[in-house]
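[1] this one's structure only:
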């Protein structure tokens, strides 16, 4: 099934029960001037709102994930000119409060991954059942 639409509106679609949810969100550095999920200009707590949007999107499909099946989020941390954004760790911290966290797998990309690192993380969650 392929859906072309706004991920913030996934609950509007008739999505069948899923065996796997796998995604890599559009990345956001704490210093970005727009939330990539909404296209809004940066506001107070923009990064936190972005993370909350990711959680909301995931919750909207979690209920149709079959029991015993997996949610995998691929994400990386960022090294900027003046700071570090711990995106992968922030997603893991926020999501594990809602979904059972199983483990992480490190994906080694070699040089030039683009985030200031040579790797990213697959954050693996499993629905009870």
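    Here it is on my side, so go on. Keep in mind the model is a prediction, meaning the values are calculated, not measured.
[2] neighbouring contacts of the top strand by length along the chain?
    In the chain, with assignment by DSSP state E, the single longest strand is strand 65-75. Strand 65-75 is contacted by residues 17-25, 27, 58, 62, 87-88, 91, 95, 99, 102, 107, 120-129 when judged by Cβ atoms under 8 Å, 6 or more residues apart in numbering. C-beta here means a position set from N, CA and C on the backbone, and glycine is covered the same way.
[3] quick one: least confident helix or strand in this structure?
    One helix or strand of the chain scores below all others by mean pLDDT, DSSP states H and E: strand 78-79, with a mean of 84.
[4] I'd like the next helix or strand past it.
    Note on strand 78-79: by DSSP states H and E, the next helix or strand toward the C-terminus is strand 84-85.
[5] what's in contact with the helix or strand that that next one is followed by?
    Using DSSP H and E, the helix or strand that follows strand 84-85 in sequence is helix 87-95. The contact list for helix 87-95 (Cβ under 8 Å, 6+ apart) reads 25, 27-29, 51-52, 54-55, 58, 73, 75-78, 101, 104, 120-121, 123, 125.
[6] show me just the buried residues among these.
    Buried members of those, scored by 16 or more other Cβ atoms under 10 Å, are 25, 27-29, 51, 54-55, 58, 73, 75-78, 101, 120-121, 123, 125.
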